[in-house]
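*Asks:* this is a predicted model, with the sequence first.
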Amino acid sequence: MSANATAGAAQRPPFQQFLDTHGRPVLAFLRAMVGPHDAEDCFQETFIAALRAYERMDGAHPRAWVMTIARRKAIDHHRARARRPEPRDELPEIPATERTGGLGDLDGEIWAAVAELSEKQRAAVALRFAADLAYREIASALGCSEQAARRRVADGLAELRRNIDREEVTR
Amino acid sequence: MSRLEAKEIARTLGDGVDRAAAEAARRFAARAERERLVDVAYTEFDSPLGTGRIAATERGVVSIGLPNFAEPEFLEQLGRISPRILELPARLDGALRELDQYFEGQRHEFGLELDWGLVRPGFMSRVLHATAKLPYGATASYGEVAAEAGNPRAYRAAGTALGHNPIPIVVPCHRVLRAGGALGDYGGGPEMKAFLLRLEGALGEG
């Protein structure tokens, strides 16, 4: 690394510390976005990209910064999967075995309902309930106002409840 | 059915994440190493006086933190090289083996590559290079090391340089004593200095 790069960038904490702080919420977010099985691959892609771009990190909002990368990796993942010549009809599809992880009942229904959300709503719900971010951080990660972030999470939650009720009815 | 609670969603989505995250972090570190993105790798080591830490760049061992040196301070020191620091035991396998052998009394010389990147050039560097040549079981005075570094009267400055030795044990600053034979200071604490000298047979059992 050049001396100029060091001087130009604010002091970064050791990357290990960054990984310790953000690893768990990023993985939780990605599991909700792409399912537990594929989340690991997206996790690697996210932190490799973060490590490469570490000098350019927004030091004031590290969590929102890494979540923005993670969301992009989740979208890339769905696109790559859609391009593959497998019989997949929809972008955000997650195989049933992955989303339930062998769990039955309500857990399985929640995973299935999350997978059915639009990408936008799923990202909001995942940031709030899987990664446990504050609305201010969610707004920063989604690039919208805090008010809009609250609305997206609330809409996503309402949609989840509708989906789960519907599945309940069809039994 | 009863209304689905937000905390139920959080519980379901968060189930099993902790263990998976630890495993994912380890695999990430290994991949970062394969892609040569890690400027400084570090890990813990066991010593008879507690847990220490050791770090290496691609050039070699750059820092050893003795048990009295807390992890945040150790990492802060490494931050002077680069922020791309990861816990990565694999790069330090050879060094850990040599340290184990040393603490068991089986190894009298280290065959490790060193990175002097945390050593200021000039007098400090000359003092530490002179110290690196002191053989196992031998001792020297601060004045002798200062003389070897080119300035016999700078024994105080030599003491300061040794106090900032980033690679203790391998650069054996514990072998440098006061002129009268008193132990003198040691960054790792007086017990550690006495322990190392006793291990090397350079100090009586007293």
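*Replies:* Nice, thanks for sending it over.

*Asks:* CA only for contacts and neighbour counts going forward, please
*Replies:* Fine.

*Asks:* now the helices for the chain?
*Replies:* Since no chain was named, I'll use chain A. For chain A, the helices defined by DSSP state H cover A:3-8, A:15-34, A:36-52, A:62-83, A:96-100, A:105-116, A:119-125, A:135-142, A:146-169.

*Asks:* look at chain B instead
*Replies:* With DSSP H, the ranges of helices along chain B come out as B:6-14, B:17-34, B:71-78, B:93-103, B:123-132, B:142-148, B:155-163, B:190-199.

*Asks:* contacts for the longest one?
*Replies:* I take that to be helix B:17-34. Outside helix B:17-34, the residues that touch it by C-alpha atoms under 8 Å, 6 or more residues apart in numbering or on different chains are A:19, A:23-24, A:27-28, A:40, A:43-44, A:47-48, B:38, B:86-88.

*Asks:* same check on stretch B:196-206?
*Replies:* Residues contacting stretch B:196-206 (C-alpha under 8 Å, 6+ apart): B:103, B:105, B:136, B:137, B:138, B:139, B:174, B:175, B:194.

*Asks:* residue contacts, the residue nearest the centre of chain B?
*Replies:* In chain B, the centroid-proximal residue (C-alpha atoms, centre = their mean) is residue B:64; its distance is 0.6 Å. Neighbouring residues of residue B:64 by C-alpha under 8 Å, 6+ apart: B:52, B:53, B:54, B:55, B:166, B:167, B:168.

*Asks:* contacting chain A as well, which ones from the contacts of stretch B:196-206?
*Replies:* Among those, proximity to chain A is found for none (C-alpha under 8 Å from any C-alpha of the partner chain).

*Asks:* what's the closest of those to chain A?
*Replies:* When the contacts of stretch B:196-206 are compared for distance to chain A (C-alpha to the nearest C-alpha), residue B:103 wins out at 28.2 Å.

*Asks:* surely that closest one is in contact with residue B:47?
*Replies:* Yes - taking C-alpha atoms under 8 Å as the definition, residue B:103 is a contact partner of residue B:47 at 6.9 Å.

*Asks:* and for the two, which residues touch both?
*Replies:* Counting by C-alpha under 8 Å, 6+ apart, no residue touches both residue B:103 and residue B:47.

*Asks:* still on that earlier bit, who wins for proximity to residue B:186 among the helices of chain A?
*Replies:* helix A:15-34 (28.7 Å; C-alpha to C-alpha).

*Asks:* chain B contacts on chain A?
*Replies:* Close to chain B, as judged by C-alpha under 8 Å from any C-alpha, chain A has residues A:1, A:12-16, A:19, A:23-24, A:27-28, A:31-32, A:40, A:43-44, A:47-48, A:51-52, A:107, A:110-111, A:129-130, A:157, A:161, A:165, A:168.
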